[in-house]
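[1] Just the structure for this:
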Amino acid sequence: MFNKKSHLLVAFFIKIYFMKQLVCLIISFYTITTISQNTVGIITNHEDSYNGYTLFAPNSSTETYLINNCGEVVHQWSSSYTPGASVYLLNNGNLLRTGKIANSSITFGGVGGHIEILDWDSTLIWQYTYSSSEFSQHHDIFPLPNGNILMLAVNTMSESEAIQSGRDPSLILDNKIFNEQILELEPIGNDQANIIWEWNFKDHLIQNHDNTKDNYGVISEHPELLDFNYLNNNNGNANWLHINSIQYNANLDQIILSSRLLSEVYIIDHSTTTAQAASHSGGTYGKGGDILYRWGNKEAYDMGDENDRTLYSQHYPHWIEDGLNDAGKIIVFNNGNSIRFSSANIFNPPTISPGEYAYDNVNGFGPESSDWIYTAPNPEDFFSSILSSAQRLPNGNTLICDGDSGYFFELNSSNNIVWEYINPDTTNGILSQGDDPSQNLVFRALKYNINHIAFSGRDLPPGNPIELNPDLSDCTLLSNPSFNQISYKLYPNPVNSYLNINTEKNITHIKITNLLGSITKEVKNSNTIDLSEIAQGLYIIQFEIEGIIYIEKIVKK
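    Just a heads-up that it's a prediction; the model follows:
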């Protein structure tokens, strides 16, 4: 019986065979590098692939890798922990990552309990543990522009607390229920943090089971609240939500969450105080502590049934960044557990104004369908039951991480695969070419521009691939874009107030960050930026001209 990856490789070899048969009959308009003998590492590298560095942390490894388009390691961080799940590259080149520590009381997949920041040389500069028999960090974190960190966690509701909140006692199998929460951490010193904000699902519940208990009401009349007894055909385990992702939109000051078990995504407000975050917004969908928007499963708030379902066990919903195709829309990896095939989806929440979401009393939250969906030509050939991610890239391509196979592939605008890579770092060690890849799970993969600010002033020479016995003899294509270097001049530098960029071209974006990577000031469509109100010191300026990002150091006097 072939496994999923075997099917992939057989299909791949068949594809190569027919390409060879047709080579004399067609004219090739593209250059493609295909490492036909490789079973791990780089598989395909087409000239349409986006020239960047891909960051990933294999689930069973203490290493985090940054690779180029030929699968060569250009940088690597080493930790004492396997990842709890997510890792992030910060603007200053540091690595923010989760770490997995043992917890016998909270054991579902994705539990981490530890967060750490490593510098470029893997030196530990900060760590924080949030783990006990009653609570734990899990899955995801997010670095905020102000240097704080959003942390996804659970804490424990006792059986009596859950019943008082309206949970049907027959739906409590573990004598407890996990409340999902968000904590905003302000890092202190080397191993401490102040919790300066929090939000909890248990503050935003509704139930129609027992009118003598809290949160009683009509489910369909309160889509801003979560039905405490809706389990989406799952059982009554403590882990009933399984939030697997937290992402942030700085323009809106909003957070998006993903519930794997309820097959829904939620948007909440971050501009509140902690007290406001625990309060109700009274059924309005603008600002407040309640859910502002939800999508994926209308049955969860009694406004539809299974036929209205759009998401299935999804991961990594996030807003597409400004400047990219479909900017402002939400992209998500739709795992498809109930339908047995996966997809990448982009959808656009209807709004009344920026950050205020439209709601229809008859049809619930829209849209009814996605703006864009990718599935394999034979849908069942692309299926990842757990983990995974999708990312829109600056050239319009989409990077997809098929997490349960450690398989990354990049689609061009025609949905053709132009880059493929298989993670060779597995539970059983590093694989060699010819080995059948398995146990090589990856939570998420992200590709960064080669001119990203984190790489400013750093040497990233191509090193060896991760796999043993590598063969890159045919991989000479790195998709390096050809462009004419645009001349410019920064003045004055040092600067007291206005910094000017003298160039004949239009500058679409200027961003100033401090040395920790936090954004201090930014403007769009201007060649001048006012720095009079920022403190004295050394800063990084990043500006974009015709799609190319330039990075320099400046001094504020």
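[2] Look up phi and psi at I43.
    phi -110, psi -50 (degrees, to the nearest 10).
[3] What's the local residue count around the closest residue to it other than its chain neighbours?
    Excluding its sequence neighbours, the residue lying closest to I43 (Cβ to Cβ, 6 or more residues apart in numbering) is E420, at 3.8 Å. C-beta: built from backbone N, CA, C; applies to glycine. By the criterion of other Cβ atoms under 10 Å, E420 has 22 neighbours.
[4] Please name every helix or strand in contact with the helix or strand hosting E420.
    Assigned by DSSP states H and E, E420 belongs to strand 417-422. Here strand 417-422 touches strand 41-46, strand 407-411, going by 3 or more Cβ pairs under 8 Å, 6 or more residues apart in numbering; DSSP states H and E.
[5] I'd like to know which elements the shortest one is packed against.
    Here strand 407-411 is seen to pack against strand 398-402, strand 417-422, strand 442-449 when contacts are counted using 3+ Cβ pairs under 8 Å, 6+ apart.
[6] ok, the residue most central in space within the chain - contacts?
    Centroid check for the chain by Cα atoms, centre = their mean gives Y316 as the closest residue, at 4.7 Å. Y316 is in contact with S245, Q247, S258, V332, F333, S388, S389, A390, R444, counting by Cβ atoms under 8 Å, 6 or more residues apart in numbering.
[7] Out of those, which is nearest to N235?
    Closest approach between these and N235, by Cβ to Cβ: S258, at 20.2 Å.
[8] Do you know the pLDDT at that closest one?
    Listed pLDDT for S258 reads 98.
[9] do the same with the one 10 residues further on
    The predicted structure scores I268 at 97 on the pLDDT scale.
[10] tell me which element it is part of?
    Residue-wise, I268 maps onto strand 264-269 under DSSP H and E.
[11] Which elements pack onto that strand?
    strand 254-259, strand 293-295.
[12] can you tell me which residues contact N500?
    Residues near N500 by Cβ under 8 Å, 6+ apart: L490, Y491, P492, N527, T528.
[13] May I have the beta-bridge partners of it?
    N500 forms beta bridges with Y491, T528, as assigned by DSSP bridges.
[14] Just the pLDDT for it.
    For N500, pLDDT reads 92.
[15] buried set for the strand or helix carrying I182?
    Per DSSP H and E: I182 is located in strand 176-188. For strand 176-188, a neighbour-count test (16 or more other Cβ atoms under 10 Å) marks K176, I177, F178, N179, E180, Q181, I182, L183, E184, L185, P187 as buried.
[16] so what strands line up beside it?
    Sheet pairing here is set by DSSP bridges, and for strand 176-188 it gives strand 149-158 (antiparallel), strand 192-200 (antiparallel).
[17] Give me whichever of the ones you listed is most buried.
    strand 149-158 (a mean of 22; mean count of other Cβ atoms under 10 Å).
[18] Using PDB, list the CA coordinates for that one.
    Below are the C-alpha coordinates for strand 149-158, written out as PDB (Å, rounded to 0.1, in the frame of the first residue of the first chain):
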ATOM      1  CA  ILE A 149       4.200  39.000  22.700                       C
ATOM      2  CA  LEU A 150       0.700  37.600  22.300                       C
ATOM      3  CA  MET A 151       0.500  34.100  23.800                       C
ATOM      4  CA  LEU A 152      -2.100  31.400  23.200                       C
ATOM      5  CA  ALA A 153      -2.800  29.300  26.300                       C
ATOM      6  CA  VAL A 154      -5.400  27.200  28.200                       C
ATOM      7  CA  ASN A 155      -6.300  27.300  31.800                       C
ATOM      8  CA  THR A 156      -8.600  24.900  33.700                       C
ATOM      9  CA  MET A 157     -12.300  25.300  34.500                       C
ATOM     10  CA  SER A 158     -13.400  22.900  37.200                       C
END
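[19] coming back round to it: of the helices and strands packed on strand 417-422, which approaches R167 most closely?
    Of all the helices and strands packed on strand 417-422, strand 407-411 comes closest under Cβ to Cβ, at 39.3 Å.
[20] The closest one: partners in the sheet, and parallel or antiparallel?
    With DSSP bridges as the test, strand 407-411 is paired with strand 398-402 (antiparallel), strand 417-422 (antiparallel).
[21] Switch these over to JSON lines; also include mean pLDDT.
    As requested, those are exported to JSON lines (pLDDT from 0 to 100):
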{"stretch": "strand 398-402", "mean pLDDT": "98"}
{"stretch": "strand 417-422", "mean pLDDT": "96"}
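[22] Can you lay out those strands as JSON lines showing distance to S170?
    JSON lines is the format used below for the strands paired with strand 407-411 (distance: least, Cβ to Cβ, whole Å):
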{"stretch": "strand 398-402", "distance to S170": "38"}
{"stretch": "strand 417-422", "distance to S170": "45"}
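[23] Of all the ones you listed, which one is nearest I346?
    With respect to I346, and counting by Cβ to Cβ, the nearest of the strands paired with strand 407-411 is strand 398-402 at 8.8 Å.
[24] May I have the closest one as PDB, with CA atoms only?
    C-alpha atoms of strand 398-402 as PDB (Å, rounded to 0.1, in the frame of the first residue of the first chain):
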ATOM      1  CA  THR A 398       1.400  31.000  -2.700                       C
ATOM      2  CA  LEU A 399       3.600  28.900  -0.400                       C
ATOM      3  CA  ILE A 400       1.800  25.900   1.100                       C
ATOM      4  CA  CYS A 401       3.100  23.700   3.900                       C
ATOM      5  CA  ASP A 402       1.600  20.200   3.900                       C
END
